[in-house]
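Undergrad: Prediction below, plus the sequence it came from.
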Amino acid sequence: MRPSAIASTAALIMTAVPLAATSSELSVTVTQSGSAKPVAGAVISIDTPRKMAPVSAEIYQKDRAFHPHILVIPVGSRVDFPNRDNTQHHVYSFSPAKTFNIELYAGRPETPVVFEKPGIVELGCNIHDHMQAFIIVTDTAATGQTNASGQVTLTLDPQNAEGSQGTLELQIWHPRLPDNTRPVIREVVAGQPAQVILSLEPEAATEGALDRLQQRFREL
């Protein structure tokens with residue numbers, strides 16, 4: 001995994017219902033346990049009634065890698081998987097949030113994949129074992145990714161701003177969580193900047209990072 005390659009193109013084009021004047025913001029800083037290094041690319045969200053409109057996005061393949069490595073999209077969005085390499089790819093996912101299989105192809109597949117429900121979708125390529133990417137499908141507008149400094153600011157609805165008994169519940173996901181199939185939950189104090197510490201796995205080698213996922217594909 002390469003955090004430097006993390007991006008979220010779709011997040012830049014999402015549109016949401018206008019906020020009430022009483023909405024507020026929550027600043028979150030994420031660091032790694034043991035080293036206190038900032039954690040870039042963590043996806044942070046808070047449940048809110050405010051939803052995002054579906055978007056059209058893409059994850060393309062170039063130099064035998066997925067770009068972006070992490071894509072954040074609203075429920076109902078459509079994603080294309082254009083192949084910009086001079087070799088064929090075979091893109092698939094076994095994730096409960098979306099199972100699909102685009103067999104060997106070059107260029108652009110005929111139809112995009114629609115992501116109908118929230119969750120973490122892990123992508124692989126059946127031809128190139130090391131290729132890996134993630135799509136985070138969200139049903140809340142209060143979602144963002146940490147920057148290189150490990151920071152993100154979420155816009156809250158009034159009910160979120162008030163908090164429940166003075167606390168807010170954050171859902172936090174990162175590809176190097178020990179279990180990256182689901183977010184971890186942290187409670188933070190409402191109305192104050194939040195500091196979150198995550199325990200993360202070491203970065204995997206570029207080659208062979210998907211051995212278990214690849215083996216599962218071959219066993220079908």
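TA: Happy to help now that I have it.
Undergrad: Go ahead and name everything in contact with whatever helix or strand Leu123 lives in.
TA: Leu123 is part of strand 119-125 when elements are defined by DSSP states H and E. Strand 119-125 has contacts (C-beta atoms under 8 Å, 6 or more residues apart in numbering) with 59, 61, 66, 89-98, 115, 131-137, 173, 180-183, 210, 213-214, 217. Every C-beta, even on glycine, is put in place using the N, C-alpha and C of the backbone.
Undergrad: Just those: which are in strands?
TA: 61, 66, 89-93, 115, 132-137, 173 (DSSP state E).
Undergrad: ok, back up a step: just the buried members of the contacts of strand 119-125?
TA: Taking 16 or more other C-beta atoms under 10 Å as the criterion, what is buried in the contacts of strand 119-125 is 59, 61, 66, 89-95, 97-98, 115, 131-137, 173, 180, 183, 210, 213-214, 217.
Undergrad: Would you mind finding the longest strand in this protein?
TA: Under DSSP E, the chain gives strand 24-32 as its longest strand.
Undergrad: Output it as CSV - backbone C-alpha positions only.
TA: The C-alpha trace of strand 24-32 is given here as CSV (Å, rounded to 0.1, in the frame of the first residue of the first chain):
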residue,chain,number,x,y,z
SER,A,24,-20.7,23.7,12.9
GLU,A,25,-17.4,22.0,12.2
LEU,A,26,-15.4,19.3,13.9
SER,A,27,-11.6,19.3,13.4
VAL,A,28,-10.0,15.8,13.7
THR,A,29,-6.3,14.9,13.9
VAL,A,30,-5.3,11.3,13.5
THR,A,31,-1.8,10.0,14.5
GLN,A,32,-0.3,6.5,14.7
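Undergrad: Which helix or strand lies directly C-terminal to it?
TA: Proceeding N to C from strand 24-32, the next assigned helix or strand is strand 43-45, under DSSP H and E.
Undergrad: and that next one, how far from the chain's centre?
TA: Put simply, strand 43-45 sits 8 Å off its chain's centre (C-alpha atoms, centre = their mean, to the nearest Å).
Undergrad: Leu104 - how many residues pack around it?
TA: The number of residues packed near Leu104 is 12, by other C-beta atoms under 10 Å.
Undergrad: Just confirm it is within a strand.
TA: Yes: according to DSSP: H, G, I helix; E, B strand; the rest coil, Leu104 belongs to a strand.
Undergrad: Quick one: residues contacting the residue nearest to it when sequence neighbours are not counted.
TA: Nearest non-adjacent residue to Leu104, counting by C-beta to C-beta, 6 or more residues apart in numbering: Gln88, 4.7 Å away. Contact analysis of Gln88 by C-beta under 8 Å, 6+ apart lists 104-106, 127.
Undergrad: Give me the phi and psi for Gln88.
TA: With angles defined as degrees, to the nearest 10, Gln88 sits at phi -80, psi 160.
Undergrad: What's the separation between the spatially most central residue of the chain and Gly41?
TA: With distances taken as C-alpha atoms, centre = their mean, the residue of the chain nearest its centroid is Ile136 (3.5 Å). Ile136 is 10 Å from Gly41, where distance means C-beta to C-beta, to the nearest Å.
Undergrad: Write down the beta-bridge partners of Leu154, one by one.
TA: Beta-bridge pairing for Leu154 (DSSP bridges): Leu26.
Undergrad: Go ahead and confirm it touches Asp47.
TA: No: using C-beta atoms under 8 Å, Leu154 is not in contact with Asp47; the gap is 11.5 Å.
Undergrad: Much appreciated, bye for now.
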